[in-house]
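*Asks:* Sequence and predicted structure below; questions after.
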Amino acid sequence: MTRLFIALLIVAGAAAASAADAATVLVTGSNRGIGLEFVKQYAAEGWTVIATARDFSDAKELNSLAAANKNITLMKLDIVDEDSVKALAKDLKGKPIDILINNAGVLGDIPSQTFGGYKLSVFQQVMNVNAFGALAVSEALHDNVIASSQKKIIAITSGAGIISGKGAGGPLSFYRQSKVALNMGMRGIAHDLKDKGVIVGIIAPGAVDTAMRREIVGDKAINDQRPEASVSSMRKVIAGLSPASSGQPLNYDGKEMPW
């Protein structure tokens, strides 16, 4: 009986230690697509997941997932609203965040970013969300990341942001520019937080069958990789990030991407 009691104490202690050591990930734009898949996969492995979005009213799958998983917390966040970002930082003060994933992004109206139809309002929207949003959230939550064990800040970029790539003119001009700006901005954060031990990952998901992707290529997106495969690959890249790879754009398969 005594041995059994001791064994139970050991098991209980191990479980408590495991729960206490559970890593935390925060995902922006978690209500659909790649962001939602990050939430699914990390939650399935027992991570503490903070899933953020501007509005959860239409996020049926995410709401159901959170209702069934106590380790998922939903928190409202508009990444281009300074008050919203500050409020989140206040609510999370003192909470270590091992991995901060800046996933939220917008495509923007395509005709309004095609030569001959440029609109300043669309340019501002796309740049604000895709470039500044990630910088604002990373800055606001950097103390949380520094306080964690893994100390990783991730930004989801795109092959469309490679200046030396094949794509240049045509549609999506603002989207492309926003990803170039994102890459440079996150490289700057990697430099600024290097002495704090923070590792910044800039990762492209590849061509993924999401609602955003279908806005560009229509039903051709069904031939792209599924979100499950892309996120699984990116998570492997995130797990393997080191100070040496901090600030360098990487593809979902871990290969370095040119600027």
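*Replies:* Perfect, I can see it now.

*Asks:* Quick check: buried residues in stretch 250-258?
*Replies:* Under the neighbour-count criterion of 16 or more other CB atoms under 10 Å, stretch 250-258 has 250-252, 257 buried. Every C-beta, even on glycine, is put in place using the N, C-alpha and C of the backbone.

*Asks:* Now tabulate the residues you listed in TSV and tack on distance to residue 33.
*Replies:* Formatted as TSV, the buried residues of stretch 250-258 follow (distance: CB to CB, whole Å):
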residue	distance to residue 33
250	20
251	18
252	14
257	21
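
*Asks:* Pick the one among the residues you listed closest to residue 97.
*Replies:* The nearest member of the buried residues of stretch 250-258 to residue 97, counting by CB to CB, is residue 250 at 20.7 Å.

*Asks:* ranges for the strands of the stretch 51-200 of the chain?
*Replies:* 72-76, 99-102, 152-156, 199-204 (DSSP state E, counting those that start in this stretch).

*Asks:* Go through these and pick out the most buried.
*Replies:* The highest mean neighbour count among these, using mean count of other CB atoms under 10 Å, belongs to strand 99-102: a mean of 28.

*Asks:* Partner strands of it and their direction?
*Replies:* Paired neighbours of strand 99-102 in the sheet (DSSP bridges): strand 24-27 (parallel), strand 152-156 (parallel).

*Asks:* show me what contacts the nearest residue to residue 134 once chain neighbours are set aside?
*Replies:* Spatial nearest neighbour of residue 134, excluding adjacent residues (CB to CB, 6 or more residues apart in numbering): residue 102 at 3.7 Å. Residues counted as contacts of residue 102 (CB atoms under 8 Å, 6 or more residues apart in numbering) are 28, 79, 133-134, 137-138, 153-156, 186.

*Asks:* can you rerun that using 10 Å?
*Replies:* By CB atoms under 10 Å, 6 or more residues apart in numbering, the residues touching residue 102 are 26-29, 35, 79, 130, 133-138, 141, 153-157, 182, 186, 200-202.

*Asks:* where does the stretch 1-150 of the chain dip in pLDDT?
*Replies:* Residue ranges of the stretch 1-150 of the chain with pLDDT under 70: 1-21.

*Asks:* got a list of contacts for stretch 222-240?
*Replies:* For stretch 222-240, using CB under 10 Å, 6+ apart, the contacting residues are 25, 32-42, 45, 99, 101, 103, 150, 152, 154, 156, 199, 201, 203-210, 213-214, 217, 245, 250-255.

*Asks:* Residue 58: neighbour count?
*Replies:* For residue 58, the neighbour count with other CB atoms under 10 Å is 11.

*Asks:* before we move on, what about residue 226?
*Replies:* 13.
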